[in-house]
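**Student:** Attaching a predicted model along with its sequence, questions to come.
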Protein chains: 4
Amino acid sequence: MADAASLGRRVAAEGVGAFFLFACVIGSGIMAQALAGGNNGVALLANTIATGAILFVLITMLGPISGAHFNPAVTLVAAMRRDLPWLDAAAYLAAQFALGIAGAWAAHLMFDLPTIQFSAKVRTGLGQWAGEFIATFGLVMTILGTVRHKPQAVAASVALYIMAAYWFTSSTSFANPAITVARSLSDTFAGIAPHDVPAFLAAQIAGAIVASRVAALLFRPSS
Amino acid sequence: MADAASLGRRVAAEGVGAFFLFACVIGSGIMAQALAGGNNGVALLANTIATGAILFVLITMLGPISGAHFNPAVTLVAAMRRDLPWLDAAAYLAAQFALGIAGAWAAHLMFDLPTIQFSAKVRTGLGQWAGEFIATFGLVMTILGTVRHKPQAVAASVALYIMAAYWFTSSTSFANPAITVARSLSDTFAGIAPHDVPAFLAAQIAGAIVASRVAALLFRPSS
Amino acid sequence: MADAASLGRRVAAEGVGAFFLFACVIGSGIMAQALAGGNNGVALLANTIATGAILFVLITMLGPISGAHFNPAVTLVAAMRRDLPWLDAAAYLAAQFALGIAGAWAAHLMFDLPTIQFSAKVRTGLGQWAGEFIATFGLVMTILGTVRHKPQAVAASVALYIMAAYWFTSSTSFANPAITVARSLSDTFAGIAPHDVPAFLAAQIAGAIVASRVAALLFRPSS
Amino acid sequence: MADAASLGRRVAAEGVGAFFLFACVIGSGIMAQALAGGNNGVALLANTIATGAILFVLITMLGPISGAHFNPAVTLVAAMRRDLPWLDAAAYLAAQFALGIAGAWAAHLMFDLPTIQFSAKVRTGLGQWAGEFIATFGLVMTILGTVRHKPQAVAASVALYIMAAYWFTSSTSFANPAITVARSLSDTFAGIAPHDVPAFLAAQIAGAIVASRVAALLFRPSS
């Protein structure tokens, strides 16, 4: 389906999607923390519901144009599987990072916070790296398996997968290199300290690549 | 689809929808605040779930009759795109405002509150206006993009979009001029002071018009 | 579809559905109150999610057999519209009341409470009666409108309607004469004092009958 | 559908599913308890949403390969109904237990907890055994009824059924012998003391077998 739209429109769709997704993850985190009266369980529940909801909406609306990656790990897997030319993938990544960071800044604007910030929230350690590996592994498995067997359920499945992973991983499942960078630029509920970013990215990319290999075995046509 | 029903039935559908939608937004806010023991995170979660749920129901039930706008910004965009004659649009607006305000008053009746009230809740400032612009921009993009690519998902997408936007905007996403007016007539959880209404309306209408232009580019047929 | 199954199987389906629905409404109320640490907002959220979830499941599973009423007000409307013979309707009602009350008692068994109880929770007044009228009106409109326009969405729509109505009515939306009686037999979170039952039943039946008339006008074929 | 995939791929699918399901149930319980500030209602809400979400994802993704049991009680019923050869069923069970326990240990790894643990949480008594019987009875009814009447809704129905049953049973509805064993190996929110496991297994298997018989009557073809 992605081939039917010009590269410009596809890249625009990736940008619009990353903008709203990242604005939602960060903005709903700010709102949730402000309202939850110190109960981080209530705050993460709100963050979870907002994130899952916007993912369903964006994948449904923009998937028919660009494939609705909004995530460099997903774009990387698509390029490795030759579902997407490498040059197109580079353009996707540029849009995801640039408009995604703009989304983070839009959240700051909406909540009257300084635009430029760096997070001080420490997120590190073997447990969290294992969490990012497993979270991204599961996300890529979900996408490849559901596209293969039940493409009309991809939007619901990705949204619900992330909602679950917010809770079953100790890192709350970033599972997306671009949002990891954007969240390092926001000293709010969803933030991550910049020096903790590289290890998260490595775990995410490793999880995505392993999932791509496993999916090729598990979801291959059985003819 | 809207053309198949007479204008009278379509306007009645807009009225029934606005009545239940606005009664639900305001009524669930009253109930949520009464039960949440001072935790506004819990209260907004309940308000979010109730609003998203009724939106899915009303769009599914009434969409085949009137298009299920319940929102003057959406009706305005439909008229600008010539999907709806301007005279029909005027009748839609009248029903949305009149029955929507009746819905607010029905909520007051159900909760034993005085019918006629004016909200004292201040909602103002650049951040909240940016929030209303972005919220309404995203709502109209969601409607036009989903109608174009996946019409059977419009009810779920609009419901989930509003659920997300309740959290990622600092204004909790009114995104609807008629509900903004109705909420100014309710001095409860969902209220807005009357003198803060005009700026909200301006931001909403601006967001809707810009979205209509962007959607025309992004979602155009690729033939 | 209901005609394809024998009356015995249809009545059994109504009984199984009422058993699980009422056990879930009452049981999840007990659990929610026990865990919510005095925050009734959290308790009603849990009660809402459990009720909506089981409604979707039961209507999906049993709807193809009996129509999945589980509600005398719905059965009454079906009989008035001649969608169901009056004798079948009487058998439906018997199953709804008998197995529904058994469901309430099963909840008591599961939570180690005395089987036979009477609620002491006062639920009365014009606001709550208006709430029951509006709640049942909306439920019957939802069913008739969705069956007419989008039958595959009935399970989701009814579940989500009740989830919304738990919050936008002051009575938390019983909207079902059989569950009202069953809840009068449970001195727990979801209970209602027996002497408050008759007024609830009257409001529910009035709302259902008015909805049936309005739906006949609004959802009539437009040919 | 299950027959189209080789036994190896089907068993792998059962293992991947049990790994993620059990990691999610246990991991989200740990996260929920850590964040909920002592409010177990908030904690169970989070646990409920994470569990329901991952169930929908895993059944959608893996159902077309193996049938997506992830549950020895379901596999047992399939073998008794001759939908699955007994030798295949034995391989399914081995994968469910082995990879499911690995999922529990992965949760411990992610949350920096000791791998090997035994739960000290007492879960016993007639009420909880009745709960496990009713919970598993309802789960098997849901699966068999929905497969029969509306197979495309199985993923949503099973996910929502478990979400409801977490709240309407006093045991929070394990309803799965393999997850009961895995949860006995985790001294966390979702745990169960090992000596309480046998009675839970007996109640689950009894509920599953009775449901299989009732479903054969209620959901039989009406031709």
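**Tutor:** Perfect, thanks for sending it.
**Student:** so residue A:149 makes contact with residue D:64?
**Tutor:** Yes - with contacts counted by Cβ atoms under 8 Å, residue A:149 reaches residue D:64, the gap being 4.2 Å. All C-beta spots, glycine's among them, are computed from the backbone N, C-alpha and C.
**Student:** Looking at these two, which has the bigger crowd around it?
**Tutor:** When neighbours are counted by other Cβ atoms under 10 Å in any protein chain shown, residue A:149 and residue D:64 differ, and residue D:64 comes out ahead with 21 against 16.
**Student:** which element follows the helix or strand harbouring that one toward the C-terminus?
**Tutor:** Applying DSSP states H and E as the criterion places residue D:64 in helix D:40-66. Next in sequence after helix D:40-66, counting helices and strands by DSSP H and E, comes helix D:72-80.
**Student:** just checking, what packs against the next helix-or-strand element following that next one?
**Tutor:** Per DSSP H and E, the first helix or strand lying C-terminal to helix D:72-80 is helix D:86-110. Using 3 or more Cβ pairs under 8 Å, 6 or more residues apart in numbering or on different chains; DSSP states H and E, the elements in contact with helix D:86-110 are helix A:126-149, helix D:7-35, helix D:72-80, helix D:177-184.
**Student:** let's see it at 10 Å
**Tutor:** In terms of contacts (3 or more Cβ pairs under 10 Å, 6 or more residues apart in numbering or on different chains; DSSP states H and E), helix D:86-110 is packed against helix A:126-149, helix A:154-168, helix D:7-35, helix D:40-66, helix D:72-80, helix D:177-184.
**Student:** And these: which comes nearest chain C?
**Tutor:** Closest approach to chain C among the helices and strands packed on helix D:86-110 (Cβ to the nearest Cβ): helix D:40-66, 3.5 Å.
**Student:** Taking helix B:40-66 as reference, get the angle to that closest one.
**Tutor:** 50 degrees (axes from the mean of the first three to the mean of the last three Cα atoms, to 10 degrees).
**Student:** wait, does helix D:40-66 contact chain C?
**Tutor:** Yes - using Cβ under 10 Å from any Cβ of the partner chain, we find that helix D:40-66 touches chain C at D:40-45, D:48-49, D:52.
**Student:** As a markdown table, the helices and strands packed on helix D:86-110 with distance to residue A:211 would be great.
**Tutor:** Putting the helices and strands packed on helix D:86-110 into a markdown table (distance: least, Cβ to Cβ, whole Å) gives the following:
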| stretch | distance to residue A:211 |
| --- | --- |
| helix A:126-149 | 4 |
| helix A:154-168 | 12 |
| helix D:7-35 | 11 |
| helix D:40-66 | 12 |
| helix D:72-80 | 26 |
| helix D:177-184 | 23 |
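**Student:** Under the pLDDT cut-off, which ranges of chain A? List them.
**Tutor:** Residues of chain A meeting the criterion pLDDT under 70: A:1-3, A:221-223.
**Student:** Give me the most central residue, it.
**Tutor:** With distances taken as Cα atoms, centre = their mean, the residue of chain A nearest its centroid is residue A:176 (4.2 Å).
**Student:** Tell me who's in contact with that one.
**Tutor:** Residue A:176 makes contact with A:18, A:21-22, A:25, A:69-74, A:96, A:100, A:132, A:135-136, A:139, A:162, A:182-183, A:200-201, A:204, A:208, according to Cβ atoms under 10 Å, 6 or more residues apart in numbering or on different chains.
**Student:** The same query, at a cut-off of 8 Å, please.
**Tutor:** Going by Cβ atoms under 8 Å, 6 or more residues apart in numbering or on different chains, residue A:176 touches A:70-73, A:136, A:204.
**Student:** Can you redo these as CSV, where the extra columns are distance to chain D and neighbour count?
**Tutor:** As requested, the contacts of residue A:176 are exported to CSV (distance: Cβ to the nearest Cβ, whole Å; neighbours: other Cβ atoms under 10 Å in any protein chain shown):
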residue, distance to chain D, neighbour count
A:70, 18, 31
A:71, 16, 29
A:72, 22, 26
A:73, 17, 25
A:136, 13, 31
A:204, 14, 30
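**Student:** which one of these sits closest to residue D:128?
**Tutor:** Nearest to residue D:128 out of the contacts of residue A:176 is residue A:136 (Cβ to Cβ; 37.6 Å).
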